[in-house]
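S.K.: The following comprises the amino acid sequence and a computationally predicted model.
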Amino acid sequence: MAYQNITASLSPQDIQEVKAALQKVQQKLPFLITLSTEERRKLVKMGDKSLAFVNNSVTAAQSNPEILPATFDVEELVRDYQLAAVLTELLISIQQLTEQVDDTLMAVGSEAMTSSLTVYDYVKTASKKTPGLKSVAEQLGERFKAIGKGKSVKISVS
C-alpha cells in the first residue's frame, strides 16, 4: 500500500489489548535471554546459510551416532536446531511488524511535525499583533534554540 496521510487512532482498550498480546508472546517464550555485548561478541554466530549446515550436521549425528563421543548429546543438538529454526521464523515475522511500526511512526511523526511547524509559523506571525501569543511563540521556539547556537535557522512549511 502506497503511503498516504495517516488518519488513525488507538483506543485505550486497543492499546491495553496490544500490550497484553505482547506480554502473552513473552510468556510463551519464557526462555528468552538478554546477552551482554561481551557475551554476544564471544558466541559463534549462526546466520541464514548456517541453518542448512546445522540441519545437515543434525542428520549426520543422527545417522552416525557411533562416531560421536558418548558425552555428546544428539537430542540437545536436535532441540537447539529445532528451536533455532522456529525462532528464525518468528524473528522474521517480528521484524516485519517492527518495520511497519517504525515506518508508520516515522510517517505519522513527520505529519505531526509538519503540521506543528505550520502552527509555529502562524503563531510567530500572529504574535506580532495578537496580545498573549508572544509567550506561546517563545515556548514553541524553544524547540529550535539548541539547533542554531549562533546560527540562523529559518523554519517554514508550505
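M.R.: It's in. These numbers were taken from a predicted model, which means no experiment stands behind them.
S.K.: Look up how far Ala60 lies from the residue of the chain most remote from its centre.
M.R.: The C-alpha centroid of the chain is most remote from Glu66, which lies 45.9 Å away (CA atoms, centre = their mean). Taking CB to CB, to the nearest Å as the measure, Glu66 falls 12 Å from Ala60. Every C-beta, even on glycine, is put in place using the N, C-alpha and C of the backbone.
S.K.: before we move on, what about Tyr3?
M.R.: 49 Å.
S.K.: try Thr118
M.R.: 65 Å.
S.K.: ditto for Gln4
M.R.: Gln4 is 53 Å from Ala60, by CB to CB.
S.K.: Pick out whichever of those two has more residues nearby.
M.R.: Ala60 (12 against 7; other CB atoms under 10 Å).
S.K.: pLDDT score assigned to Lys145?
M.R.: Per-residue confidence (pLDDT) for Lys145: 83.
S.K.: so where is this structure shaky, pLDDT-wise?
M.R.: The chain contains residues with pLDDT under 70 at 1, 146-158.
S.K.: can you give me the helices for it?
M.R.: 12-28, 37-42, 48-63, 74-127, 133-148 (DSSP state H).
S.K.: got the angle between the longest one and helix 133-148?
M.R.: Angular relation of helix 74-127 and helix 133-148 on a 0 to 180 degree scale: 130 degrees, by axes from the mean of the first three to the mean of the last three CA atoms, to 10 degrees.
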